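Novice: sequence first, predicted coordinates after that:
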Amino acid sequence: MTNRDLVVVGGGPAGMAAAVTAAENGVKDILLIERDQYLGGLLNQCVHTGFGIEYFKEVLTGPEYADRFIKKVKSIPDIKVSLRSFVVRLEGDKTLTYLKPGGLHTVRPKALIMATGCREKTREMIHIPGMRPSGVFPAGLAQKLINIEGLLPGENVVIIGSGDIGLIMARRLTLEGASVKAIIEIQPQTRGLVRNIVQCVEDFDIPVYFNHKVLKIHGKDRVEKVSVARVDGQMKEMDGTRFDIECDTVLVSVGLIPENELIEMAGVAIDKKTNSPVSEEVNATSIPGIFVCGNSFKVYDLVDSVTRDSELAGRAAAEYIRNAR
Amino acid sequence: MKIYDVAIIGGGVIGTSIARELSRYRLRIGLFEKEEELAFGVSKSNSGIIHPGTQNPDGLIKSRLCVQGNRLTKALAGELSIDLKEVGELVVAFNEEEGSRLIEIKKLGEALKVPGLKIVDKAWLKVHEPNLSDKAIAALYAPTAAIISPYRWVYDFSENAARNGAEIFTGTKVESILPTPPGFEVGTSKGVFRARYVINASGLYADEVSKLVGVNSFSIRPRKGEEFLLDKKEEHLTNHLLFPLPSKNSKGILVTRTSDGNPMIGPTAVDADDKEDLSTTQEGLEKVLEGARRLIPSINENDIIAYFAGLRPVAGDDFIIRHEAEVPGFINVAGIQSPGLTAAPAIALMVCGILKDHGLRLRKKLFFHKHRKKEIHLFAIPLEKTKSLIKKDPGYSDIVCRCEMVSAKEVREAIARGARTMDGIKFRTRAQAGRCHGGFCTTRIMKILSEETGMPLVKVTKRGKNSEIVKKDRSSDE
C-alpha cells in the first residue's frame, strides 16, 4: 500500500481538469488513474466540433479539446498518470485497489476526486418491448464503433431519443453512407442542443417524430423493423397511429446516468433517482475528502461546464488536504 | 461416414446431460445442435432454479424425476465444479385458504420424499425474509431449493462429455432421420452420420424431429415466460426463492435470483404459437411487477437492468420420455418444461435405462474423467486470490468488462472452451451482462474473439448466422 496526497479516478476532461487545478493550488503528490490506454475519455470518440467555445473561446473537436489538457497534465511533474488501471474496490477510508496489467495495487490518498463520467441509459432501462436481435446499440457505442474502430454498425437506422449523442450520430451515420430513417422522440421537443437539431438533423433532412414512441423492436437475428405510434399526454399509444419503419439498426439515445458505483461501494450516499451523490455542496459527498466532479457528479450538456465544475473540485480537494495537515 | 452408437439431437441441458451420462460407457456418442452454440435454445432462458420437488402434481413422471434430480444435481455440481447455492425456497400463503393449501402441498411433497419441509409462520418470516409483504401469513419452507447458472450447467456437461470422448457438433441441423435397421442414417446440414440409437432432445422442435421418423403422437406448444433481472446491487433483496401458490399452468410469478446474484422476477406463462417469438411485452412487464410486488412490495422498476423471454416446450402436463416401439432405437425426450433443469440428471439416468432395456450394452470405460476443472471468475473470488492469479497470468489484470469485472484472460478462456459468439461469451463470463449492456466492452470483446479465432470483425455475431454486430469494416480500406 502506498500513500498519496490526492488520487483522481478518471482521465477524461473532468479528471484532467481536477488534477491540473489541484496541482496549481499546491497539491504535490497526485495520482491520476485512467482505465483506458490513453487520457481523454469519451472526448476521443467525439470527432465533431463544438467543444471549447465557452472555455477556450475557440471551436475545437473533442480530441483537440482533450489534447490541450493532456499537454497540461504531462507538463506537471507532480501528476503521475497510471493508464490501463481499473479500480476494483473503494473503501470508506478512501483506500483504493486497482488492477493494472501485471499487478494489483493499493493506494490510500488524503483526498480522492472521482471523475468517473457517465454511462448511457440502455434499451433495457426504458423497457422497449420486443425481440432482442443484434443491431440495437447505445448511441455512444455506435459512435465508438465508427469513429475509433472504423466499423459501420448499420445501414438503415432508426434512432430512439433525441439526445445530443443521437443527433450527432444521425449526422455521422449519414456522412458514412448509412440511411437514417427517423428519430423517434417521446417528448414534444428535443432534449438536445438547438444547434445539434439544426446542424445534424435539419441540414440532412432527417425526419424527427416528436410525441412518438417505439412500441416494439422486430427481428429474430438482426433488427428488421420497429413499430412506432403517436402518444398522448400520458405517453400512451393513440389509437390508429401505429406504423412500422423498416431498418437494420436501432440506436438508443435516451439519456445518461452518472457512474457512481465505486463511491456507493465505499458507503457514499447516492440519490437513487439521479445516481448522483447526495451532497450539501457542489462536488462534495457524504464522506469528507471524497469529491465527485464532471458528469459523475451531474450530467452536463457541455464539456466546458465539466471542466469548470472539475476545477472547483480540484480546488476543494487542495483546500481539504491543506486543512488536514 | 461417421458411425455412432448413440446420436443425440439437441444441445440443451437435456441433450448434454444425457451425453455426459453416456460418456461413462464405451460408446461412440455424437451430439448435434442446430444453433451456433450449445444452450442457445430453451436452456438459455431458464430461471436456474433447482426445485426441491414440491409443486408438481402427484403421479407424474416429472414429479419423481424432480426430487431425484435435485439430489443428483447437487452431487454432480461438485464433480463438474459449478457454483450451486442451496438457498431454499418459500411458498407463500396470503390467507387462510392458501394456508391450508400449503399443508396439502407439504403432504404431497413428503409422499415424494422431499426432505426438510416445514411450515413457517409470520414471526419466522419477519426474521428470515424481512422484505416480504406484511400480508403474508405463512409459508412452506423447502430448504433443498438451489440456484445454478443454466447455461454454464450445459457447458459443464458438454465439456465433461467431450473430455470423455463424446463428439459435439454445433451449427449442425438435423434434417432427416432414415431408419435403416438396425440403426439410422441421420442427415444434417453438415453431412450424413450413422447411429444405432437416436435420442430426440430437441426442445421446442421435438415434435418436428419426431415426425422425421413418422412418430406424430405429440405436439409441442410453446408457453412464453418473460423474466426481468434487477441490478446486482439489490442482491440482498431476498434470502430465499419466493413463490406464490402454484396455478394449473405455472408456478406463478416468483422473486428469485440468479446464481450470479441478480434478483430476478417472473416468469409469465402465456401459451404461444410461434416457436421463435422471444419478444417481451409491456403487458408482461406489468404483470410481472404486479406479481412480484405482491411478494416484495419494495421492488423498484428502475432497478431492472435486463429482460428476456423464453419458451417452455409444453407437450401436455407431463414429460414424454419413451422408446418408440414402432421405430426401434428411437427415443423421445420431449415436453421437458419445468422442472426440466432440475430433472436433467435423473432424465439422463432414465434414458440410459431405456437404452439398456432396448439392447444397448453399457460397459463402463476403464477410466472416466468424472471431474471438470473449475473455471475462474474474478467476480466470484476474493481480491487476494486475484492478486496471486495475476502473478501467474497477467491477463487476469486486464479488465474488459468493468460492470461485472471480467478480464481478458477469462474471455480468452471462454473462447478456448468453445464460445464463438458474443452471447456465448456473455453466458460463460458475464461480460456484457451488467448494467451498461456492453456499451463499453463490446468492441474489445469483438477484437479478442477475432484475434483468437481468426474471424474478421464483420463476421462476429451476437448469436450466430445473420446476427452480425457490424455491417462493414472500413478500418483497413485504403
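Specialist: Happy to help now that I have it.
Novice: so, low pLDDT: which residues of the stretch 51-200 of chain A?
Specialist: Counting by pLDDT under 70, not a single residue of the stretch 51-200 of chain A qualifies.
Novice: residue boundaries of the helices in it?
Specialist: A:62-75, A:139-147, A:164-175, A:194-196 (DSSP state H, counting those that start in this stretch).
Novice: now the stretch 201-350 of chain B
Specialist: So, for the stretch 201-350 of chain B - with DSSP H, counting those that start in this stretch - the helices run B:206-211, B:282-295, B:340-357.
Novice: to residue B:42, which of those helices lies closest?
Specialist: Closest of the helices of the stretch 201-350 of chain B to residue B:42 is helix B:340-357, at 7.9 Å (criterion: C-beta to C-beta). Using the backbone N, CA and C atoms, a C-beta is placed for each residue, glycine as well.
Novice: pull out the buried residues from that closest one.
Specialist: Residues B:340-352, B:354-355 are the ones in helix B:340-357 that count as buried (16 or more other C-beta atoms under 10 Å in any protein chain shown).
Novice: swap in stretch B:310-323?
Specialist: Within stretch B:310-323, judged by 16+ other C-beta under 10 Å, the buried ones are B:310-315, B:318-323.
Novice: what do you get for stretch B:463-478?
Specialist: Buried-residue list, stretch B:463-478, by 16+ other C-beta under 10 Å: B:463-464, B:467-473.
Novice: how near is whichever residue of the stretch 201-325 of chain A sits closest to chain B to residue B:471?
Specialist: Nearest residue of the stretch 201-325 of chain A to chain B, counting by C-beta to the nearest C-beta: residue A:221, 3.8 Å away. Separation of residue A:221 from residue B:471 (C-beta to C-beta, to the nearest Å): 14 Å.
Novice: residue A:72 too?
Specialist: Taking C-beta to C-beta, one finds residue A:72 at 39 Å from residue B:471.
Novice: cool, and residue B:23?
Specialist: Computed as C-beta to C-beta, the residue B:23 to residue B:471 distance reads 41 Å.
Novice: one more: residue B:5?
Specialist: Taking C-beta to C-beta, one finds residue B:5 at 45 Å from residue B:471.
Novice: among the buried residues of stretch B:463-478, which are within reach of chain A?
Specialist: By C-beta under 8 Å from any C-beta of the partner chain, the members of those lying near chain A are B:463-464, B:467-473.
Novice: which residues does the nearest residue to residue A:219 once chain neighbours are set aside contact?
Specialist: Using C-beta to C-beta, 6 or more residues apart in numbering or on different chains and skipping the chain neighbours, the partner closest in space to residue A:219 is residue A:133 (4.1 Å). Neighbour list for residue A:133: A:217, A:219-224, B:462, B:467 [criterion: C-beta atoms under 8 Å, 6 or more residues apart in numbering or on different chains].
Novice: which of the residues you listed has the most neighbours?
Specialist: residue A:223 (27 neighbours; other C-beta atoms under 10 Å in any protein chain shown).
Novice: how about the closest residue to chain A within chain B: what's its closest non-neighbour residue?
Specialist: Across chain B, no residue is closer to chain A than residue B:475, which sits at 3.1 Å (C-beta to the nearest C-beta). Once flanking residues are discounted, residue B:475 sits nearest to residue A:150: 3.1 Å by C-beta to C-beta, 6+ apart.
Novice: where does the residue positioned nearest the centre of chain B land on pLDDT?
Specialist: Nearest to the mean C-alpha position of chain B, counting by C-alpha atoms, centre = their mean, stands residue B:150 at 3.0 Å. pLDDT recorded at residue B:150 is 97.
Novice: tally of neighbours for the closest residue to it other than its chain neighbours?
Specialist: Nearest residue to residue B:150, sequence neighbours excluded (C-beta to C-beta, 6+ apart): residue B:46, at 3.8 Å. For residue B:46, the neighbour count with other C-beta under 10 Å is 25.
Novice: which ones are touching the residue nearest to the centre of chain B?
Specialist: So residue B:150 contacts B:13, B:39, B:43-44, B:46-48, B:341 (C-beta under 8 Å, 6+ apart).
Novice: and with 10 Å instead?
Specialist: By C-beta atoms under 10 Å, 6 or more residues apart in numbering or on different chains, the residues touching residue B:150 are B:12-13, B:39, B:42-50, B:258-259, B:310, B:340-341, B:344, B:427.
Novice: now stretch B:263-271: buried residues?
Specialist: Of the residues in stretch B:263-271, B:263-270 count as buried by neighbour count, 16+ other C-beta under 10 Å.
Novice: make sure residue B:31 is indeed in a helix.
Specialist: No: counting by DSSP: H, G, I helix; E, B strand; the rest coil, residue B:31 falls outside a helix, being strand.
Novice: specify the beta-bridge partners of it.
Specialist: Beta-bridge partners of residue B:31, counted by DSSP bridges, are residue B:8, residue B:168.
Novice: that one - how many residues pack around it?
Specialist: Neighbour number of residue B:31 under other C-beta under 10 Å is 29.
Novice: over to the one 10 residues further on?
Specialist: In terms of burial, residue B:41 registers 24 neighbours under the definition other C-beta under 10 Å.
Novice: next: residue A:202.
Specialist: 11.
Novice: for residue A:63, see how far away the closest residue to chain B within the stretch 101-250 of chain A is.
Specialist: For the stretch 101-250 of chain A, the residue closest to chain B is residue A:150, as judged by C-beta to the nearest C-beta, at 3.1 Å. Using C-beta to C-beta, one gets 15 Å for the distance from residue A:150 to residue A:63.
Novice: how about residue B:420?
Specialist: Residue B:420 is 35 Å from residue A:63, where distance means C-beta to C-beta.
Novice: what does residue B:42 give?
Specialist: In terms of C-beta to C-beta, residue B:42 sits 47 Å off from residue A:63.
Novice: also residue A:36?
Specialist: With distances taken as C-beta to C-beta, residue A:36 is found 13 Å from residue A:63.
Novice: kindly report the same for residue B:457.
Specialist: Distance of residue B:457 to residue A:63, computed by C-beta to C-beta: 23 Å.
Novice: compare neighbour counts for these two and give me the winner.
Specialist: Using other C-beta under 10 Å as the criterion, residue B:457 and residue A:63 rank with residue B:457 on top: 21 against 16.
Novice: quick check: the more buried one touching residue B:470?
Specialist: Yes: Residue B:457 is within contact range of residue B:470, at 6.6 Å (criterion: C-beta atoms under 10 Å).
Novice: overlap in contacts of those two?
Specialist: Residues touching both residue B:457 and residue B:470 (C-beta under 10 Å, 6+ apart): A:145, A:149-151, B:443, B:446.
Novice: so which of those residues sit within strands?
Specialist: Judged by DSSP state E, the subset of the shared contacts of residue B:457 and residue B:470 located in strands is residue A:151.
Novice: make a markdown table from the shared contacts of residue B:457 and residue B:470 and add distance to residue B:211 and neighbour count to it.
Specialist: A markdown table is the format used below for those (distance: C-beta to C-beta, whole Å; neighbours: other C-beta atoms under 10 Å in any protein chain shown):
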| residue | distance to residue B:211 | neighbour count |
| --- | --- | --- |
| A:145 | 44 | 22 |
| A:149 | 46 | 20 |
| A:150 | 48 | 16 |
| A:151 | 43 | 22 |
| B:443 | 44 | 18 |
| B:446 | 39 | 23 |
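Novice: what about the strands in the stretch 51-200 of chain A?
Specialist: Ranges of strands in the stretch 51-200 of chain A, per DSSP state E, counting those that start in this stretch, are A:60-61, A:79-82, A:86-90, A:96-100, A:103-114, A:118-120, A:136-138, A:151-152, A:156-160, A:179-184.
Novice: that concludes my questions; thank you for your assistance.
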